[in-house]
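A.B. asks: Turn this into a model:
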Amino acid sequence: MTFEPHPISVLFPHRAPARLITLSEKLALLSQMGPDYAIVLRVTPELLHETAAEFLRNLVTTCRPRAIVEGPTFNFGRGRDGSVDTLRAHATEYGYEVIVLDELHCSASRAGRR
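C.D. replies: Next up, the predicted model:
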């Protein structure tokens, strides 16, 4: 699942980060990883107003994920009130696995090196 446009561009258009790639480029890269589906969730003020509990309930009833994969600093829901801990707290109830991946960092001077 990916969000379009970036949530900050809806909340604070003047502070929106520059795009690294277009949505179509992102979907092409995702498709190379072999998923069965890629869901593009349109970001609206209404979506951003949902609490973490509301967002998670809507996600689970609509998409029925078997696993949710996020980084350790992931936040979601109105006011960023949901976290990986929120996902874990509801995993058994909603029937999904939570997978937390370490963050990857690189510096601009090392980017592109192999």
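A.B. asks: Low-confidence regions, this structure specifically.
C.D. replies: Regions of the chain meeting the criterion pLDDT under 70 cover residues 109-114.
A.B. asks: try it again with 90
C.D. replies: 17, 35-37, 103-114 (pLDDT under 90).
A.B. asks: now the strands for it?
C.D. replies: For the chain, the strands defined by DSSP state E occupy 2-4, 40-42, 67-70, 75-76, 82-83, 97-100.
A.B. asks: Burial-wise, tell me which of these comes out on top.
C.D. replies: Of all these, strand 82-83 has the most neighbours on average by mean count of other Cβ atoms under 10 Å, namely a mean of 20. Every C-beta, even on glycine, is put in place using the N, C-alpha and C of the backbone.
A.B. asks: chain center to that strand: distance?
C.D. replies: 12 Å (Cα atoms, centre = their mean, to the nearest Å).
A.B. asks: repeat for stretch 78-85
C.D. replies: Centre-to-centre, stretch 78-85 and its host chain are 12 Å apart (Cα atoms, centre = their mean).
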